[in-house]
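Asks: Sequence and predicted structure are below.
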Amino acid sequence: MARAKNAAEPSGPVMTGQERADLDARLARVVSKPLRSELGGGRFFLFWAARDDSNSVQMMIWNPETEQELRDANFFHDAAHGLGVFAKPVPKGKPLPRTAEHAALIKGVLANRTDTTGYLVYADYLTEQGNTQGDYIRLCVEASKLPPSHPDADALARRTTDLSDAHAEEWFAPLGALGLRPETLGHFTPYAWMSLERGVIEEVTIDRPGVLPQNAARLFAAAPFLRTLNFEQGHLDPAAVAKVKQLAQIEALNLFHTELTADGLSTLLRSKHLTGLKSLELRSNAIGDEGALALTKWPGLTNLESLNVSSCDLSSTGTHTLTSCKSLTGLKKLRIGGNDNDGDTAHVVLASSILSSLTELELGACGCGHTATALFRTAAFARTLEVLDLDSATFQAGTFAAFAGTKLPALRVLKLNAVNLPVPAATQLANAAFRDSLEELYLDNCALGAGSGNFFYQSRFPKLRTLDISRNRVERYGLTVLASKPKNFPALTSLKLYDNRLGAEAVAALAASKVLANLTDLDLSGNKIGPAGAVALVNSKHLKKLTSLTVDEKTVGKTGKRALLDRFGESAVSFR
């Protein structure tokens, strides 16, 4: 089946009634739009998130094989993204008019975005004009200056929420005239694009053709304080975007999975307007080593603070080209996992002397051999690293001990999801040299099993606030050990135990434990805790601070559901 390429083609596809019905049914369940991965020869597969019959979110994969399946999959992909014959053109219109005074105030704010004074002056002007966003901006600025524990924080949060609920549609109307609107699951979500610190629209997602560069003036008049531009798959034209002069005020560019090539990246980076960028997201684009080379030649690389080139088809040569570039000395965040085609990505990155300012590093799905893990000790960023993401990384036999023994004094967040951690590794992690500084630890699907009990028993994490130990078959024994060791986790506020074969007895042991004393978030979904488990949670004298609880609705029954809602309230309890 030939796919439509642009919005100039017919306004609707020729479809049978059944095809239309099937398409509408799929679209109605979509949570995240389908991503397309080409297999060659006209073949591809789609993956996306959708709700099932029980309203639970599931990851979906579709590998169409027959001509009819390919036709249906193309329709689904293009309709979800508004591509080809499903493209939604930008309605005609003119830029929102501004008075000279209004324009001058905007210009003043853009000249110094770190100074809240300009926003407050702008807020006063809007209020004088009868624009409710003036009050909203003022409240947001005031709230941003208060610590969460301040007695006025909750009252300010309620006032800002009330204002947004009542008037956000008005504030977003100029963007709506362009066909742009922040939505999640079909619901208007203004917070997705608004700054909670400054009360203005700072982010927009381009999900239709004809916005840039054709309607750049309208876009930036509708949202004059834009900092972040996101592009959906199929809607990025690098040459066209490079011509937009307003790019000079953009600080973050998100090009995730936009089918960007090395040539397209080179074209975009040659833009004379792309001068203020601090964050560049290139994840899941096949830019390869040529793209890495293009980045090193870009003058703006010196100002970059965050770079994501994960799953971009970089070889160790391309990784070395990039991480040895002196323009990256100021880089604070680097995501470069998913590029380990020759097994040397981690080695190359950890050996770089350039990345001395890094505070966050992602090396997902990389191989961690003896040389690489030894380099953690001498890495240029060993003393500054705060966040380390090693999801799906592979540690060779004996290497995890070397990693766990590494002193990383600033490390606050460690992600080891889908990393195989048998009993020895779990014990080594429990006694890690960096455990005293850790505040968040993610261990989803690490095959801990019975070893989880040993992990909980030996752990001493004085600052740990978040622990995700989902899908590890912790079962009754492991959870009982955790419950018996509250002093090992004195600061815990978030505990995720999804799908761990936990029953009522295990939950009862947890509910009676002081380990829950500071807990605000508890996820027990995917476990058959039954009505008895629900009652144990309701009767817990330790769950006084809980604001979020997730359980499976079917397993707790009507009695358990009612009891949970009565104890914790509808705003706190979520049922899967």
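Replies: Everything's here; your move.
Asks: Need the contact partners of stretch 88-104.
Replies: Under the criterion C-beta atoms under 8 Å, 6 or more residues apart in numbering, residues 7, 82, 106, 125, 174, 177-179, 208-211, 214-215, 217-218, 221-222 lie in contact with stretch 88-104. Where you see a C-beta, it was placed from the backbone N, CA and C, and this is true even at glycine.
Asks: Could you list which of those belong to helices?
Replies: I106, Y125, P174, A217, R218, A221, A222 (DSSP state H).
Asks: Can you give me the distance of the last one to G93?
Replies: With the distance defined as C-beta to C-beta, to the nearest Å, A222 ends up 10 Å from G93.
Asks: between the two, which one's more packed in?
Replies: Neighbour totals were compared for A222 and G93, and A222 leads with 23 against 12 (other C-beta atoms under 10 Å).
Asks: Isn't that one up against R181?
Replies: No. Using C-beta atoms under 8 Å, A222 is not in contact with R181; the gap is 11.3 Å.
Asks: Find residues that contact each of these two.
Replies: Counting by C-beta under 8 Å, 6+ apart, the residues touching both A222 and R181 are L175.
Asks: for the stretch 351-500 of the chain, what spans make up the helices?
Replies: Along the stretch 351-500 of the chain, counting by DSSP state H, counting those that start in this stretch, helices occupy 370-378, 399-404, 423-430, 451-458, 475-483.
Asks: Next: the stretch 151-300 of the chain.
Replies: Going by DSSP H, counting those that start in this stretch, the stretch 151-300 of the chain shows helices at 153-176, 216-222, 238-241, 262-269, 288-296.
Asks: Format those as CSV; extra columns: mean pLDDT and distance to L331.
Replies: What follows is the helices of the stretch 151-300 of the chain, written out as CSV (pLDDT from 0 to 100; distance: least, C-beta to C-beta, whole Å):
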stretch, mean pLDDT, distance to L331
helix 153-176, 92, 32
helix 216-222, 95, 28
helix 238-241, 95, 23
helix 262-269, 97, 16
helix 288-296, 97, 11
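Asks: Could I get those in CSV, plus columns for distance to R412?
Replies: Listed next are the helices of the stretch 151-300 of the chain as CSV, based on distance: least, C-beta to C-beta, whole Å:
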stretch, distance to R412
helix 153-176, 23
helix 216-222, 37
helix 238-241, 36
helix 262-269, 32
helix 288-296, 28
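Asks: Which one of the ones you listed lies nearest to K544?
Replies: helix 153-176 (16.9 Å; C-beta to C-beta).
Asks: Would you indicate which residues of that closest one are buried?
Replies: Using 16 or more other C-beta atoms under 10 Å as the test for burial, helix 153-176 gives L156, A157, T160, L163, S164, H167, A168, W171, F172, P174, L175.
Asks: List the buried residues in stretch 102-113.
Replies: Quick answer for stretch 102-113 (16+ other C-beta under 10 Å): H102, L105, I106, V109, R113.
Asks: Which one of those residues is nearest to G41?
Replies: R113 (49.0 Å).
Asks: what pLDDT does the closest one get?
Replies: pLDDT, R113: 91.
Asks: again with L441
Replies: With respect to pLDDT, L441 has a value of 98.
Asks: ditto for the one 5 residues further on
Replies: With respect to pLDDT, C446 has a value of 96.
Asks: And the nearest residue to it once chain neighbours are set aside, how far from F461?
Replies: Spatial nearest neighbour of C446, chain neighbours left out: L421 (4.4 Å); criterion: C-beta to C-beta, 6 or more residues apart in numbering. As judged by C-beta to C-beta, L421 and F461 stand 16 Å apart.
Asks: And L448, by the same measure?
Replies: In this view, L448 and F461 are 15 Å apart by C-beta to C-beta.
Asks: on that earlier part again, okay, and the common contacts of A222 and G93?
Replies: Listed contacts common to A222 and G93 are A177, L178; contacts here mean C-beta under 8 Å, 6+ apart.
Asks: And stretch 311-323, what's buried?
Replies: S311, C312, D313, L314, S315, S316, G318, T319, H320, T321, L322, T323.
Asks: returning to that earlier point: who's more crowded, L448 and F461?
Replies: L448 (26 against 20).
Asks: Looks like the more buried one contacts D468 (just checking).
Replies: No. With contact defined as C-beta under 8 Å, L448 does not reach D468; the gap is 11.9 Å.
Asks: tally of neighbours for the residue nearest to Y457 when sequence neighbours are not counted?
Replies: With sequence-adjacent residues excluded and distances taken as C-beta to C-beta, 6+ apart, Y457 is closest to V481, at 5.3 Å. V481 has 20 neighbours, counted by other C-beta under 10 Å.
Asks: For V481, which residues are in contact?
Replies: By C-beta under 8 Å, 6+ apart, V481 lies in contact with S452, G453, F456, Y457.
Asks: Around the first one, how many other residues sit close by?
Replies: In other words, S452. So S452, with other C-beta under 10 Å, has 26 neighbours.
Asks: Report pLDDT for it.
Replies: What the model reports for S452 is a pLDDT of 93.
Asks: Surely it and R476 touch.
Replies: No. The pair S452 / R476 is not scored as a contact, 11.0 Å apart, by C-beta under 8 Å.
Asks: What is the burial count for K94?
Replies: Neighbour tally, K94, other C-beta under 10 Å: 10.
Asks: separation between it and A177?
Replies: As for K94, its distance to A177 is 10 Å (criterion: C-beta to C-beta).
Asks: okay, and the common contacts of the two?
Replies: The overlap between the contact sets of K94 and A177 (C-beta under 8 Å, 6+ apart) consists of R218.
Asks: What ranges in the protein fall below the confidence cut-off?
Replies: Within the chain, the ranges that satisfy pLDDT under 70 run 1-12, 185-186.
Asks: tell me the domain ranges of it?
Replies: Residue ranges for the domains of the chain, per automatic domain parsing: 17-86, 100-184.
Asks: For A536, which of those domains is the nearest?
Replies: Ranking these by proximity to A536 (C-beta to C-beta) places domain 17-86 first, at 23.6 Å.
Asks: sorry, back to before: just send the helices of the stretch 351-500 of the chain back as TSV, with distance to D52 too.
Replies: Listed next are the helices of the stretch 351-500 of the chain as TSV, based on distance: least, C-beta to C-beta, whole Å:
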stretch	distance to D52
helix 370-378	40
helix 399-404	36
helix 423-430	33
helix 451-458	29
helix 475-483	26
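Asks: For V538, find the nearest of those.
Replies: Proximity to V538 (C-beta to C-beta) singles out helix 475-483 among the helices of the stretch 351-500 of the chain, at 17.0 Å.
Asks: wait, which of the buried residues of stretch 102-113 is closest to P13?
Replies: I106 (42.3 Å).
Asks: wait, that closest one sits on V121?
Replies: No. The criterion here is C-beta under 8 Å, and I106 misses it with V121 at 10.9 Å.
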